[in-house]
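*Asks:* what's the 3D shape of this:
(one chain, ligands or ions: 2)
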Amino acid sequence: MIEIRNLVKTYGKGSAAVHALNGVDFDVAAGEVVMLMGPSGSGKTTLLSAMGCILQATSGSIQIDGREIVGLPESKLPRIRLEHFGFIFQGFNLFPALTARENVELSLKLKGVSSSQCRRRATELLEQVGLGDKLKTHPADLSGGQKQRIAIARALAGDPPIILADEPTAALDSHSGQTVMELLTALARQRQRAVVVVTHDNRVLHYADRTVHIADGRIANHFEEGRTAA
Ligand SMILES: Nc1ncnc2c1ncn2[C@@H]1O[C@H](COP(=O)(O)OP(=O)(O)OP(=O)(O)O)[C@@H](O)[C@H]1O
Ligand SMILES: [Mg+2]
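*Replies:* Ligands and ions are numbered 1, 2, ... in the order given. Here you go, the predicted model:
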């Protein structure tokens with residue numbers, strides 16, 4: 001699903017250059033949950049952003065479903081993002097003026113889905129994440145865990161083959177964190193989605209099929225995790 005080879009990302013130029021990724025190789029298969037761990041500043045968000053076409057890599061290769069995305073013109077990226085990825089990034093990025101359901105509907109509208117379909121699908125997704133009774137509530141009146149679940153419903157709305165999540169459980173209590181990871185692993189297993197989760201959270205590591213460590217913009221090692229929660 002995702003094949004990354006010798007990926008380099010340098011921010012800035014000359015003496016101000018920051019070498020965020022220094023030749024990363026990284027693969028993710030459909031149906032797999034991969035955790036990406038590493039110290040602050042090691043390049044986790046940069047790697048996730050590059051593979052999600054949010055950020056242009058400097059060099060190397062990223063193939064999404066067999067298609068090379070490094071070096072594609074900027075104008076091609078929004079469509080690839082829309083068709084392939086669901087994003088769950090730090091800070092939720094919900095629209096405060098919209099209700100829970102409207103936040104989820106919005107991403108479907110962008111895909112050209114009709115209003116009645118948007119409403120039906122958004123309701124269904126929010127019910128799935130346990131927010132069926134909060135459809136008309138605004139983000140400000142919800143807990144961190146509930147907001148994160150809206151963000152998840154929104155990421156899943158377009159049924160993307162790849163889910164990229166940056167610290168999805170960081171702001172959550174232990175129980176909400178488990179619920180979020182259960183949702184993501186169920187999706188990977190039942191619908192053969194590829195799920196990449198950046199985390200510092202040791203409480204959710206057992207949900208991984210694999211944990212990949214990154215340090216100074218390089219993959220440090222790979223090892224298998226037990227699938228105790230699958
Ligand atoms: N837009 C940017 N411009 C310049 N440097 C950047 C930019 N974004 C990130 N960096 C630098 O690139 C390196 C990797 O950053 P990145 O955000 O990928 O780290 P991270 O592993 O996600 O860290 P954290 O765990 O703190 O979120 C850091 O040295 C960071 O300062
Ligand atoms: Mg980060």
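*Asks:* Please, where are all the strands along the protein?
*Replies:* Along the chain, the stretches classed as strands by DSSP state E are 2-11, 18-28, 33-37, 59-64, 67-68, 85-88, 162-166, 194-198, 210-215, 218-224.
*Asks:* This structure against ligand 1: which residues are in contact?
*Replies:* 11-12, 18, 20, 38, 40-46 (CB under 6 Å from any ligand atom). For every residue, glycine as well, the C-beta is placed using N, CA and C.
*Asks:* swap the cut-off to 8 Å and go again
*Replies:* 9, 11-12, 18, 20-21, 38-49, 90, 166-167, 198, 200, 214, 217 (CB under 8 Å from any ligand atom).
*Asks:* Is Thr179 in contact with Gln146, as I believe?
*Replies:* No - using CB atoms under 8 Å, Thr179 is not in contact with Gln146, being 10.4 Å away.
*Asks:* ranges for the helices of the chain?
*Replies:* 44-51, 77-84, 100-110, 115-128, 144-156, 174-191 (DSSP state H).
*Asks:* okay, those helices in JSON lines with mean pLDDT and distance to Gly31 next?
*Replies:* Below are these laid out as JSON lines (pLDDT from 0 to 100; distance: least, CB to CB, whole Å):
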{"stretch": "helix 44-51", "mean pLDDT": "96", "distance to Gly31": "17"}
{"stretch": "helix 77-84", "mean pLDDT": "90", "distance to Gly31": "15"}
{"stretch": "helix 100-110", "mean pLDDT": "91", "distance to Gly31": "23"}
{"stretch": "helix 115-128", "mean pLDDT": "93", "distance to Gly31": "19"}
{"stretch": "helix 144-156", "mean pLDDT": "88", "distance to Gly31": "16"}
{"stretch": "helix 174-191", "mean pLDDT": "87", "distance to Gly31": "6"}
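*Asks:* Dump the ones you listed into JSON lines; add mean neighbour count and distance to Gly60 as well.
*Replies:* Shown next, in JSON lines, are these (neighbours: other CB atoms under 10 Å; distance: least, CB to CB, whole Å):
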{"stretch": "helix 44-51", "mean neighbour count": "23", "distance to Gly60": "9"}
{"stretch": "helix 77-84", "mean neighbour count": "15", "distance to Gly60": "16"}
{"stretch": "helix 100-110", "mean neighbour count": "21", "distance to Gly60": "29"}
{"stretch": "helix 115-128", "mean neighbour count": "17", "distance to Gly60": "35"}
{"stretch": "helix 144-156", "mean neighbour count": "23", "distance to Gly60": "26"}
{"stretch": "helix 174-191", "mean neighbour count": "18", "distance to Gly60": "26"}
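*Asks:* Distance to Ile69 added to those, as JSON lines?
*Replies:* Compiled in JSON lines, these are given as follows (distance: least, CB to CB, whole Å):
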{"stretch": "helix 44-51", "distance to Ile69": "8"}
{"stretch": "helix 77-84", "distance to Ile69": "6"}
{"stretch": "helix 100-110", "distance to Ile69": "20"}
{"stretch": "helix 115-128", "distance to Ile69": "27"}
{"stretch": "helix 144-156", "distance to Ile69": "19"}
{"stretch": "helix 174-191", "distance to Ile69": "22"}
